[in-house]
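K.L.:
structure, please.
(2 chains)
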Amino acid sequence: MIVIIANRRNHVAQALAQQWAAWDAAVLSAQDLSVAGWSLTDGATDAAVVAQQRVAERDISAVLTLAPCIFEHELGYITPEDRSYVAAEMTAVLTFWLARLRCPVLNRPTAARLSGPAWSPEKWVRVAYEAGVPVESICRTAVPDDSKVEQKMSSTVTLTVVGNRVLGSDDSRLQQRARRLARAAAVALLAVTFATERSEPHFVSADVFPNLSDETVADAVLEYLRGQQAA
Amino acid sequence: MTENRTILLWGIPEDAPTAAMQDALRRANSDFIFLNQHAVLQTTVELTVGSSVVGQLRIGDQDFDLAQIKSAYLRPYEPAAFPQIARAGPRRRIWRHAHAVYQALHSWSEITDALVVNRPGAAAVNNSKPYQAALIESLGFRTPKTLITTDPALALDFWRQHEVVIYKSISAVRSIVSRLSDRHRSRLADIANCPTQFQHYVAGIEFRVHVVGDEIFSCAIVSAADDYRYSDGSVQMQACELPPEVAETCRRLAQSMNLHVAGIDLRCTPQGDWYCFEVNPSPGFTFFEDQTGLAIADSIARFLMRGPGETDNVHPTRLDSDESLYQAAAVS
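P.N.:
Modelled structure (predicted):
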């Protein structure tokens, strides 16, 4: 089974689950953490609940995470004063579960986020700079009535790293830089945007949640999840 | 290149550790800037990040160059924790500005070359206690047998198996550690709504250890309560020395999590086994300092005054703890 972790109203996740039905794909949402069946102890006999069904951990072949955390607003069925606590608890459970799953997980969680690092735009710029990628400076101003985040760019290109593949541009120089950044962030799935108006493209931003409504990207993700399984 | 000189404290004056740090830095005759979150409307931040990290912090009519900050001690509350901001809501100026300042300084604290106690990314390590426990185990401490479940029947089985069982929060949200008793039986069905963490009760002497850089401050705690922090009865604390190997494991734990200052909860069983329950990345050390006389604030002050060392991992891209966990998962 391929598990897609997402808000149950995430249409892209639901569409992927349908497209990947042949691989028994299903969406795991916050509601699945409110069903008897979860059991996390020693790893050997552990079980999760996916699409309201109890699933033995050994039957999960890969996971794609499309949510940074469980949000309070997903928990309309929980008493309002408990929602914040329950959301934090559910996120904490998923973090632990995802971190120790032995199957392929795109992206692996960090302590701060269910999928990859929870970096600010400034931190991405610094990591890119330290990885030797030319960067577009970012300026953040916190002034009453005039707070903003600015970065110069008029034309951009976005590449998507999926494992060893890089989609979105044939420019090998950009592909190499996108790969370098994904490696620095220790993620296998990453959208990387460059400003292209200058002769030397500069890094602008990165996102651990690429556009999966793009069929090419979705196909590459499926291939990665299945390929990693086989490996 | 100008030498970094200043120390930044960020928080609120009524927070005991923040107040203790102001006192300690004054005692040490050290310059510092106190950024009081209550004065957020008098605070502005400009931050530019590219090949360098530069910016200005303005508090009232005073300007500070962010590049001149050599160390920072952070105990900020999220803006929503302030009633006047929470009540105002996202359309009001104070709400928007408080969040903008918080985000700007949060971002700066992750990427500055200054010594930061502790960086927010590192402090996130106890957002998931079982996630943190996996790292704790990999470094040599024992952790209690644990079950996380939404299944009341499994919880009952675990209880029968271990006889004395406690439950506590899984996330960093503070909860009172409580022992399961007969009065909980009828409420066990509620765990189907939200995964709940159960652990076998480990009897023994409780220790609180504060790691400050390489320094260790430890005290033994005697209390009849399941959670001494919320005890109605007496809580006795006494400063003590840890066995050297235990102290060294505490240092390694803090270092592996990129925490310059950490509060570690240990228990030693009558058989001499050391269990670790949690590593707190923003410890309320004054509670222990007041009762034991351990000079923790002075130690943190000295550490901040030293500034970043050559070996400090100033802006890690990924926590060692994350890597360790993956390796542990890969080999298990």
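
K.L.:
show the contacting residues for the residue in chain B positioned nearest to chain A.
P.N.:
Chain B approaches chain A most closely through residue B:50 (3.2 Å), counting by CB to the nearest CB. To be clear about C-beta, it is placed using only N, CA and C from the backbone, and glycine gets the same treatment. Going by CB atoms under 8 Å, 6 or more residues apart in numbering or on different chains, residue B:50 touches A:125, A:129, A:135-138.

K.L.:
try it again with 6 Å
P.N.:
A:135, A:137 (CB atoms under 6 Å, 6 or more residues apart in numbering or on different chains).

K.L.:
from residue B:117, how far out is it?
P.N.:
26 Å (CB to CB, to the nearest Å).

K.L.:
same question, residue B:90
P.N.:
31 Å.

K.L.:
the two - which one has more neighbours?
P.N.:
Ranked by neighbour count (other CB atoms under 10 Å in any protein chain shown), residue B:90 and residue B:117 place residue B:117 first, with 27 against 7.

K.L.:
how near is that one to residue B:239?
P.N.:
Using CB to CB, one gets 22 Å for the distance from residue B:117 to residue B:239.

K.L.:
alpha carbons of the helix or strand bottoming out on mean pLDDT in chain A, as PDB, please.
P.N.:
Ranked by mean pLDDT, DSSP states H and E, the weakest helix or strand in chain A is helix A:215-230, scoring a mean of 88. The C-alpha trace of helix A:215-230 is given here as PDB (Å, rounded to 0.1, in the frame of the first residue of the first chain):
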ATOM      1  CA  GLU A 215       1.500  14.700 -14.200                       C
ATOM      2  CA  THR A 216       5.200  14.500 -15.000                       C
ATOM      3  CA  VAL A 217       6.100  15.200 -11.400                       C
ATOM      4  CA  ALA A 218       3.500  12.900 -10.100                       C
ATOM      5  CA  ASP A 219       4.700  10.100 -12.400                       C
ATOM      6  CA  ALA A 220       8.300  10.600 -11.300                       C
ATOM      7  CA  VAL A 221       7.200  10.500  -7.600                       C
ATOM      8  CA  LEU A 222       5.300   7.200  -8.200                       C
ATOM      9  CA  GLU A 223       8.300   5.800 -10.000                       C
ATOM     10  CA  TYR A 224      10.600   6.800  -7.100                       C
ATOM     11  CA  LEU A 225       8.300   5.300  -4.500                       C
ATOM     12  CA  ARG A 226       8.000   2.100  -6.500                       C
ATOM     13  CA  GLY A 227      11.600   2.000  -7.500                       C
ATOM     14  CA  GLN A 228      12.800   2.500  -3.900                       C
ATOM     15  CA  GLN A 229      10.500  -0.300  -2.800                       C
ATOM     16  CA  ALA A 230      12.000  -2.700  -5.300                       C
END
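
K.L.:
quick one: buried residues of stretch B:248-261?
P.N.:
B:249-251, B:253-261 (16 or more other CB atoms under 10 Å in any protein chain shown).

K.L.:
is it in proximity to chain A?
P.N.:
No: Stretch B:248-261 stays clear of chain A (CB under 6 Å from any CB of the partner chain), getting no nearer than 8.7 Å.

K.L.:
who's in contact with the residue of chain A found nearest chain B?
P.N.:
Chain A approaches chain B most closely through residue A:137 (3.2 Å), counting by CB to the nearest CB. Going by CB under 6 Å, 6+ apart, residue A:137 touches B:48, B:50.

K.L.:
for it, give me phi and psi.
P.N.:
phi -60, psi 150 (degrees, to the nearest 10).

K.L.:
ok, and what's touching the helix or strand in which residue B:209 is found?
P.N.:
Here residue B:209, judged by DSSP states H and E, is contained in strand B:205-212. Strand B:205-212 has contacts (CB under 6 Å, 6+ apart) with B:217-221, B:250-251, B:254, B:261-264, B:266-268, B:285, B:288, B:296, B:299-300, B:303.

K.L.:
what's the answer for stretch A:37-49, then?
P.N.:
So stretch A:37-49 is contacted by A:32, A:35, A:54-57, B:147-150, B:154, B:195 (CB under 6 Å, 6+ apart).

K.L.:
could you dump that stretch to CSV, C-alpha only?
P.N.:
Below are the C-alpha coordinates for stretch A:37-49, written out as CSV (Å, rounded to 0.1, in the frame of the first residue of the first chain):
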residue,chain,number,x,y,z
GLY,A,37,-6.5,0.8,15.6
TRP,A,38,-3.2,2.7,16.0
SER,A,39,-0.6,0.8,17.9
LEU,A,40,3.0,1.9,18.1
THR,A,41,5.3,-0.1,20.4
ASP,A,42,8.2,-2.1,19.2
GLY,A,43,7.9,-1.8,15.4
ALA,A,44,7.2,-5.5,14.8
THR,A,45,3.5,-5.6,15.5
ASP,A,46,2.7,-2.0,14.9
ALA,A,47,-0.3,-0.8,13.0
ALA,A,48,-1.7,2.4,11.6
VAL,A,49,-5.2,3.5,10.4
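
K.L.:
if anything else comes up later, I'll come back, but that's it for now.
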